[in-house]
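let's see this in three dimensions:
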Amino acid sequence: MAPQLHHHDSPGAAVTRRARILSNHLLHRGAPSSYTHQTLLSSNACLSYSPAELTETISFDTKEMRRLLDFHHIAERDWVFGLIEEGEVFNPVKKGGKVFVMPDLNLPFQQQREITMRRTKYLFDKGVHKGCYTENGPEWHMKSFAIQEVLRIYDIALGGQMAVHFFLWGGTIKNLGTKHHEKWLRATENYEIIGCLAMSELGHGSNVHGLETVTTYDSSTGEFVVNTPCESAQKYMISLAADYATHAVVFSQLHINGKNEGIHAFIVQIRDANGKTCPNVRIADCGHKNGLNGLDNGQIWFDKARIPRENLLNRFAEVTPDGQYVSSIKDPKQRFRALLSPGKVGRLAIATTSIYKTKVSLAIAIRYALSRRAFPLTPNGPEVLLLDYPIHQRRLLPLLAKTYAMSFAGNWLKMLFIQEESQSSYKTFHVFSTAFKAVFTWHTMRTLQECREACGAQGIKAENRISLMVAQNDSNLTQAGDNNVLMMEVSKILLSEFLAAKKHKRPLKEFGLEHMNGPSPGFPSQLSSSILRSSQFQIAAMCLRERDLLYRFAAEVSKHQARGETREQAVHLAFQLSKDLSKAFSEHNILKLTIEVEEGLSTGSLKDVLALVRSLYALTCMEEDDTFLRYGYLSAENAAAVREEVSNLCRELRPHALALVSSLGIPDSFLGPIAFDYIEANSWSSSVGGGH
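Prediction:
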């Protein structure tokens, strides 16, 4: 049928238009098998891909920047990256002339579990976790963090499965057991058994004090009897329990001679070597999950299951053969903290590995924005790269700056962990790991979603990874503690330190609160660009906010207590200030740690770029937190100056965008096809194999 004459077409224009359409139609005769993407619409100008490396400049040493970001065990990271790239079990897919390794999360969930286990065994056979208990020590801890960060870049389910077996199950035995438990560690390292950690229950997750599983001692047989007294006491959402785990470390209330001695940990066999459920144990599958079907989560009930007396992890408490309870720690609260101490590595691992997901998503989205064009800015002009639009810079570059800053803070937290293992205060590590876990994982989810949207429809495609990472990372917001609960825990600790210092008339000396011992910092009445970019000003702004919010929080709690509320109730009633304070505490310390990295560099381009990143991080935090305006730390005029400076910093960092994402250390094969030649990746030959 002839094309219709549009009401605005002249007869001559209509003829020209029809001729063009017929010409294109003749060019396409025989399609789809006979044309290629080079000849398609050959009479019209078509977009073509140009690698960002051809047009973007690199002004600093990206290898040195990667060293700052990854911080440790870079050779081991690259070794594990290589193992995954070489293994057929990791689903290598060729798209757009490059090979990508990507988890196949659209398989039926049982197949996902099976392939996750095959991948685990492949890595085990390659020696990835060899020596994890025989070597141990600080060196092994740092190496294991590096391995986990790589594995979770590929697939959280894979990293999670190995972490549960080696670090949660095995780590708990190592930290809470004694010499006669070493046989379990040897069996764990050799994969002769598969272990899980059975702590959370249907009725109690964060509140471990409230666990309802009960274990009693039968002195007539020398056995412990583990029992699930009600449905809410079932062990719930236990990773590796549904299909694979043969043993579990079970956290339970210990009842001895009619007295509850509190939470203790026991080794319980739940399956035999053939995978059959043990007597007096029932296991069910938690079923489908959103994004994490490669990890088998289960429910466990114990029907008065009997275990040997030696299966009590007895580093801090023992039950004698005749049924007497003995503990080296007399204070029940201290004993409880000691029993939970192995779990501290969980929050640390979640925090640091989540940041690596932001690195992947930002590398994909920014590389795509350096090749994808949209809309001309002048009549008949060329279309513009996405990242040359100020709005696109504003979407992605502040998130990149936050990822850099959180990487530096995460590295410091890992060092604090290995020092705390031997000497430092448990409470110091606890407060920082709790705060950073919440802030890092919230940042990760925000970044993943923004990157997904910044890639448009391409961001939805599974092969481009970002939408899959959104689904997978959602669980981190509540795993190892709901983020909102964790932030309240941080503010309660800060309040206790503040009130104790006030009561005993001593200076504050923990958690980075020492700045409160001096006078309150002041601000200039007008904030110029040079002032806003000054690290001294940025730290002063963060300290002022943290200081004021702590005073306000203490006053609010005191007000509620004066009305007859308990301290705990008062803290909950002041929840908004509690959350604001925890955020201020976290962002202040992240900035401080970023400045320390920057100050350790020699003068040069690397330090100059990092100063821009640091300023973008600090000013973005100030712009986004309404407490700066609400409580008058910034005037309306100065708040506007901060906002303008954030846009200026984004514009100045734009030429460094490729170098900044190249420094993240993510191999090309772990990104998505749209990070490179997105046109070829979506061509006829790539999409359907050229008709074959």
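
residues contacting residue 574?
Applying CB atoms under 8 Å, 6 or more residues apart in numbering, we find residue 574 in contact with 553, 556, 557, 560. For every residue, glycine as well, the C-beta is placed using N, CA and C.

what is the neighbour count of the last one?
If I follow you right, that is residue 560. Residue 560 is flanked by 17 other residues according to other CB atoms under 10 Å.

try the third one
Other residues within reach of residue 557, judged by other CB under 10 Å, total 25.

okay, and it sits in which element?
helix 535-562 (DSSP states H and E).

now do the helix or strand just after that helix: which elements does it pack against?
Of the helices and strands lying after helix 535-562 in sequence (DSSP H and E), the nearest is helix 567-573. Applying 3 or more CB pairs under 8 Å, 6 or more residues apart in numbering; DSSP states H and E, we find helix 567-573 packed against helix 483-503, helix 535-562.

contacting residues for the nearest residue to residue 348 once chain neighbours are set aside?
Spatial nearest neighbour of residue 348, excluding adjacent residues (CB to CB, 6 or more residues apart in numbering): residue 433 at 5.1 Å. Applying CB under 8 Å, 6+ apart, one finds that residue 433 lies in contact with 344, 347, 348, 351, 413, 417.

show me the shaky parts of the stretch 351-500 of the chain.
By pLDDT under 70, the weakly predicted segments of the stretch 351-500 of the chain are 420-424.

break down it into its strands, ranges please.
Using DSSP state E, counting those that start in this stretch, the strands of the stretch 351-500 of the chain run over residues 373-376, 383-385.

what bits of the stretch 551-692 of the chain have low per-residue confidence?
Applying pLDDT under 70 to the stretch 551-692 of the chain flags residues 689-692.

whoops, I mixed them up, the stretch 151-300 of the chain
Along the stretch 151-300 of the chain, the model assigns pLDDT under 70 to no residue.

quick one: the strands in it?
195-198, 214-218, 223-227, 235-239, 247-256, 259-269, 281-285, 297-302.

so which of those strands is nearest residue 180?
The closest of the strands of the stretch 151-300 of the chain to residue 180 is strand 259-269. By CB to CB, the value is 11.1 Å.

report all helices and strands that the closest one contacts.
Judged by 3+ CB pairs under 8 Å, 6+ apart, the packing partners of strand 259-269 are helix 170-176, strand 223-227, strand 247-256, strand 305-308, strand 325-327, helix 332-340.

please repeat the previous calculation with a cut-off of 7 Å.
Contacts defined by 3 or more CB pairs under 7 Å, 6 or more residues apart in numbering; DSSP states H and E place strand 259-269 against strand 223-227, strand 247-256, strand 305-308, helix 332-340.

isn't residue 407 right up against residue 69?
Yes: using CB atoms under 7 Å, residue 407 is in contact with residue 69, at 4.8 Å.

who has more neighbours, those two?
Per other CB under 10 Å, whichever of residue 407 and residue 69 has more neighbours is residue 407, with 25 against 22.

kindly provide the distance from that one to residue 415.
For residue 407, the distance to residue 415 (CB to CB, to the nearest Å) stands at 13 Å.

and what of residue 109?
The gap separating residue 109 from residue 415 is 38 Å, by CB to CB.

quick one on the thing from earlier: in a markdown table, list the contacts of residue 574 along with distance to residue 393.
Formatted as a markdown table, those follow (distance: CB to CB, whole Å):
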| residue | distance to residue 393 |
| --- | --- |
| 553 | 36 |
| 556 | 39 |
| 557 | 42 |
| 560 | 45 |
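
now, which of the residues you listed sits nearest residue 604?
Here the nearest of these to residue 604, counting by CB to CB, is residue 553; it sits at 42.3 Å.
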